[in-house]
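In: When you get a sec, could you give me coordinates for this:
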Amino acid sequence: MPRRQRRRRSRRAWRSESALKRYAFPRFGSKAVTAVTRDDIRGLVTDLLAQGRSRSLVRNVIAPVRQTFNQLIEDGAIATNPAAKIGRFLRDAGDPRSRIDPFSVEEEAHFLDVAQGHFPRHYPMLLCALRTGLRFGELAGLLWGDLDFQRRFIEVRRSLHDGGRVELPKNKKIRRVDMSRQLAEELQRLKAARAKEALAKGWGQIPEWIFCNEDGKPLWRSDFERRVFHKIFSKAGLRRIRFHDLRHTFASRLLQNGESPAYVKGQMGHHSIKVTVDIYGHLVPGSNREAVDRLTGRNPRATSGADQIEDRAVTIGEGLVELRGFEPLTPRLPALCSPS
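Out: A predicted model of the protein is given here:
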């Protein structure tokens, strides 16, 4: 087996074992594996989703459980697999708009204030997420050489995943993302602070990764979310959203401020504008109303006061709907436990 394939299989096994130890074993630990029922598995899935856990995490928990029961069937210990066909409980509602849950303007400001006050080391990364829409892996994979402070853009060249796996961004294309003045100034301050830290800790030079831990090593998503991200919500008294919803917040804010879907597509790195419109098209303010007004030759800018009030009531009433996203299916993994 090629070395790369062995490493990939080892990383998958590590992720699944970690998910089992954290979520499945505490729930079923006192139960013989042959006594676990389909209702038990369904209850685990339902509870994890109700806690706001991602569908990809639930799959990482269920996949090795299902494989374990498959092995028990082959060994003749049980007749059916209680974890089979659980995917129906992980299916999405179908409407892409039902999978986004961005911050309101007030929530975003409060989130950043609390992050800066309690987790100043990681504030620049969270600000970058909300000002660029980069995915977690893209943020973790940023190097100082990817920044152009003079022309104010970030070149997104790679995605770094837990375990150190480096890949191209999701659509396999390198892209440039504009950098706001606020973000550029914050990252310049971060670089100066990192130089002082490197000198104090005897690193010799600043770490190549822009966003790193206290040892200068890359950030792991699971660790970052547990130690930093989720704690911010608790300290801020905010509803919990996923890290990926910071990306949705960025796109939503651009469109609500009147930027074109084509610009948003480029910033987000979507492979087609259809993806952008399917997910965020309902957030373009007033676009549909003006389109039908033009059919009758009516100038949408010359509306009466009553019409303006009516339009305002409609657009202000529009909210952002809830997101529940999911990742591609996780391949089956070797059994991690045996019957008892």
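In: Helices along the stretch 101-250 of the chain, start to end?
Out: 105-118, 123-132, 136-140, 181-201, 221-224, 230-236, 244-256 (DSSP state H, counting those that start in this stretch).
In: For Asn81, see how far away the residue nearest to the spatial centre of the chain is.
Out: Closest to where the C-alpha atoms of the chain average out (CA atoms, centre = their mean) is His244, at 2.3 Å. Distance, His244 to Asn81, by CB to CB, to the nearest Å: 31 Å. (C-beta placed from N, C-alpha, C; glycine too.)
In: Check Phe243 too.
Out: For Phe243 relative to Asn81 (CB to CB), the value is 33 Å.
In: mind showing which ranges of the protein have poor pLDDT?
Out: Counting by pLDDT under 70, the chain has low-confidence residues at 1-16, 88-99, 284-294, 297-340.
In: Would you map out the domains in it?
Out: 3-92, 107-240 (automatic domain parsing).
In: and of those domains, who's closest to Val264?
Out: domain 107-240 (8.5 Å; CB to CB).
In: end-to-end on that closest one?
Out: Criterion CA to CA, to the nearest Å; first-to-last residue distance in domain 107-240 is 11 Å.
In: what about that domain, distance to the chain center?
Out: Put simply, domain 107-240 sits 14 Å off its chain's centre (CA atoms, centre = their mean, to the nearest Å).
In: Same check on stretch 17-33?
Out: For stretch 17-33, the distance to the chain centre is 25 Å (CA atoms, centre = their mean).
In: Buried residues of that stretch, list them for me.
Out: 17, 19-20, 23-24, 27-28, 33 (16 or more other CB atoms under 10 Å).
In: and that stretch, C-alpha only, in PDB?
Out: Provided in PDB are the C-alpha atoms of stretch 17-33 (Å, rounded to 0.1, in the frame of the first residue of the first chain):
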ATOM      1  CA  GLU A  17     -11.400   6.400  17.500                       C
ATOM      2  CA  SER A  18     -11.400   9.900  19.000                       C
ATOM      3  CA  ALA A  19     -15.100  10.400  18.200                       C
ATOM      4  CA  LEU A  20     -15.900   7.000  19.600                       C
ATOM      5  CA  LYS A  21     -14.100   7.700  22.900                       C
ATOM      6  CA  ARG A  22     -15.800  11.100  23.300                       C
ATOM      7  CA  TYR A  23     -19.300  10.300  22.200                       C
ATOM      8  CA  ALA A  24     -20.100   6.600  21.800                       C
ATOM      9  CA  PHE A  25     -18.200   4.900  24.600                       C
ATOM     10  CA  PRO A  26     -19.600   7.100  27.400                       C
ATOM     11  CA  ARG A  27     -23.100   6.300  26.200                       C
ATOM     12  CA  PHE A  28     -22.700   2.600  25.600                       C
ATOM     13  CA  GLY A  29     -19.800   1.800  27.800                       C
ATOM     14  CA  SER A  30     -21.700  -0.100  30.400                       C
ATOM     15  CA  LYS A  31     -23.600  -2.100  27.800                       C
ATOM     16  CA  ALA A  32     -22.500  -5.300  26.100                       C
ATOM     17  CA  VAL A  33     -22.000  -4.500  22.400                       C
END
